[in-house]
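Trainee: For reference, the sequence and a predicted model appear below.
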Number of protein chains: 2
Amino acid sequence: MARESGVSRTTVSYVLNGKTGVTIPESTRQRVRDAAARLGYTPSAAARTLRSGRSDLVLCVLPDWTIGPVIDTLLDHLATRLADRGLSVLVHQSRGPRPLSDLWRAVTPRVVLGLAPFAEDDERAMRQAGIQVVGSALDADAQPGTFSVPQTRIGQLQVEHLAERGHRVVAYAAPSDDRLAAFADRRLAGAVLGCARLGLPEPQVEAVALDVASAVAAVRSWRSGTEPVTAVAAYNDEVALAVLAGLRAEGLRTPEDVAVIGVDDIPAARLAAPALTTIWQAIDAQARYLADAVLAALDDTVEPPAQPDDVFHVIARDST
Amino acid sequence: MARESGVSRTTVSYVLNGKTGVTIPESTRQRVRDAAARLGYTPSAAARTLRSGRSDLVLCVLPDWTIGPVIDTLLDHLATRLADRGLSVLVHQSRGPRPLSDLWRAVTPRVVLGLAPFAEDDERAMRQAGIQVVGSALDADAQPGTFSVPQTRIGQLQVEHLAERGHRVVAYAAPSDDRLAAFADRRLAGAVLGCARLGLPEPQVEAVALDVASAVAAVRSWRSGTEPVTAVAAYNDEVALAVLAGLRAEGLRTPEDVAVIGVDDIPAARLAAPALTTIWQAIDAQARYLADAVLAALDDTVEPPAQPDDVFHVIARDST
DNA sequence: CTGAAAGCGCTTACAG
DNA sequence: CTGAAAGCGCTTACAG
């Protein structure tokens, strides 16, 4: 490569890395770039990483539970933003028995981005290895430079919407998958908070699996009290669809007898009978925030971004 | 590390890599392993890759369209199988404008696994760089060592099920997203083949977006002919749910007036009204096949696996 | 069986 | 402004 363009390896390296502070004539730069293009030359990533101690990889670790339909869009946006900086985004599902350390040691990433909170010693080990870490928190009281989605806000919004529709006795449909517990607890806490603020009784909680039988059991419990439930806030759209099915099986009408609100706005939500009211997330704002957080981690001179607010909105349909 | 255990770097390397052919006393091996554990020593991945020309990474490139709910399970299984060989699975969504070559050059993977077909020159470049390539094909007539899912089989099964239920005039609900065209075409081809074999007229095709209006338009078209359609095979469950919503909006009963069958068995399928009949995929068999294909690519002495057959099954519910 | 040494392909002070 | 040289941390023939 150096011989092809008639300059030294040093110069090639400087030109290709856009090294500032050295003055290399444009003619030389062009010659180097031409030669690189002609030879299809790309520096060896392994050698660069070994020598400079840092790679151009951003490792994104997903939690072991399904994170929902939002994640694809988030990663998409992130990859596009980081591509401008020559960084590639790689995703790993942290399922399975392998320790996280095996993974980041094998990848040598510049940044590790966790979409679920890290164990403390994992995070310490990564930082010690010179890797920037952008963690996640489940709620708004997060550290700067940490990605967080205010889960409690979701539950609160659901209850506020139901109260606006005149409901006083509200239930919460929790997911049956234990891996979602951390999320579900926060959303439920938001619903509880919402009820308290509005002077409503505390929501009655039932776990609802994604089948009709489970939903029927929950519906019976909700309707059997002295004050029957008239509205259900569900953990997400899938749980809400199960509740809808349970109500249907029990011969109850939605929204006349019992109203239902979900979260996510999956395609099936607007296709359900009745069309499902749900909470929608401003993914673009979230994605921008996430990308900014990573960019700030890469460059000390960049301010960590502020949490976007107002990312959630109710999409009112026929189920409430 | 070498000093700590009192042996040479050579010996350390041999022990840690389980080098066969050298006879190192168990006592020495143990001493090395102990020292490694004590120091928390892990070889630098970058240095290993630079020196040996191969990393312990498997890069899985996803297509730019949503691949469906099956993919998580598939990757899970793959990661677990490959972890036994010390390999880490990394996923990249190939959306965005970056060329594929940027990616694999930055990662230096041992194997690149494509869940969509590669461009020919991409594949050639990777092989030339010493990377094993496991490609994907959309159908069963694939090369050995290539992952393929017999899409036509899906359409065929759908039609066979509808015919068993006594339907003669069948429609096909195609997705409106162009990125899915390659898949949709194969599934449709299967439906056409199925009709031909059973002596039914060719299916009437309409694209159906994931909203009620689009589905209504399709339903009207299907019902307006001299021989009104009585059964619809949909590209997947989401499209099928849209068709269900369209039929409902038009005041048609399912399955009495028009039967519907989907593909995937997403959670919303069994929760729909009526519960959606669909095609289910034996993911375990597919996952095993995929892992075997990657393992075979890694090791010339291993036979490439045979396509599993019989991976699809009809789950009959109330919509047919 | 073990050690000294070369070299993978870069980047980056340091001389010129 | 450009070149010769060191060195990142390994693996692997090759001598001993």
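Mentor: Arrived safely. Keep in mind that what you see is a predicted model, and the values were worked out from it rather than measured.
Trainee: could you pull out the helices for chain A?
Mentor: Taking DSSP state H as the criterion, chain A carries its helices at A:2-5, A:9-16, A:26-39, A:45-52, A:70-83, A:100-107, A:120-128, A:151-164, A:181-198, A:212-223, A:237-249, A:267-271, A:283-298.
Trainee: Name all residues that make contact with the nearest residue to A:Pro267 once chain neighbours are set aside.
Mentor: Distances taken as CB to CB, 6 or more residues apart in numbering or on different chains place B:Leu210 nearest to A:Pro267, at 4.3 Å, with adjacent residues excluded. (Each C-beta comes from the backbone N, C-alpha and C, glycine too.) The contact partners of B:Leu210, taken as CB atoms under 8 Å, 6 or more residues apart in numbering or on different chains, are A:267, A:270-271, B:176, B:238-239, B:242.
Trainee: Switch the helices of chain A over to TSV; also include mean pLDDT and mean neighbour count.
Mentor: TSV is the format used below for these (pLDDT from 0 to 100; neighbours: other CB atoms under 10 Å in any protein chain shown):
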stretch	mean pLDDT	mean neighbour count
helix A:2-5	60	15
helix A:9-16	77	17
helix A:26-39	76	14
helix A:45-52	91	18
helix A:70-83	87	19
helix A:100-107	89	20
helix A:120-128	89	14
helix A:151-164	96	23
helix A:181-198	95	19
helix A:212-223	98	20
helix A:237-249	98	27
helix A:267-271	97	24
helix A:283-298	88	19
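Trainee: Double-check A:Leu298 against A:Pro109; I have them as touching.
Mentor: No. Counting by CB atoms under 8 Å, A:Leu298 stays clear of A:Pro109, with 11.3 Å between them.
Trainee: With just CA atoms, put stretch A:190-202 into CSV.
Mentor: Provided in CSV are the C-alpha atoms of stretch A:190-202 (Å, rounded to 0.1, in the frame of the first residue of the first chain):
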residue,chain,number,x,y,z
GLY,A,190,-47.1,4.2,38.1
ALA,A,191,-50.7,3.0,38.0
VAL,A,192,-50.8,2.9,41.8
LEU,A,193,-49.4,6.4,42.0
GLY,A,194,-51.9,7.6,39.4
CYS,A,195,-54.8,6.1,41.4
ALA,A,196,-53.6,7.7,44.6
ARG,A,197,-53.3,11.1,43.0
LEU,A,198,-56.8,10.9,41.6
GLY,A,199,-58.3,9.6,44.8
LEU,A,200,-59.1,6.2,43.3
PRO,A,201,-58.8,2.9,45.2
GLU,A,202,-55.6,1.0,44.6
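Trainee: residues making contact with that stretch?
Mentor: A:151-160, A:163, A:168-170, A:172, A:203, A:227, A:233.
Trainee: How much space separates whatever residue of the stretch 151-300 of chain A ends up closest to DNA strand C from B:Glu256?
Mentor: Scanning the stretch 151-300 of chain A for the residue nearest DNA strand C gives A:Leu298, at 15.0 Å (criterion: CB to the nearest atom of the strand). Distance of A:Leu298 to B:Glu256, given as CB to CB, to the nearest Å: 61 Å.
Trainee: cool, A:Arg127 as well?
Mentor: Separation of A:Arg127 from B:Glu256 (CB to CB) stands at 64 Å.
Trainee: same question, A:Trp104
Mentor: 57 Å.
Trainee: picking that back up, how about JSON lines for the contacts of B:Leu210, with distance to DNA strand D added?
Mentor: Shown next, in JSON lines, are the contacts of B:Leu210 (distance: CB to the nearest atom of the strand, whole Å):
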{"residue": "A:Pro267", "distance to DNA strand D": "48"}
{"residue": "A:Arg270", "distance to DNA strand D": "54"}
{"residue": "A:Leu271", "distance to DNA strand D": "54"}
{"residue": "B:Ser176", "distance to DNA strand D": "51"}
{"residue": "B:Glu238", "distance to DNA strand D": "47"}
{"residue": "B:Val239", "distance to DNA strand D": "50"}
{"residue": "B:Ala242", "distance to DNA strand D": "54"}
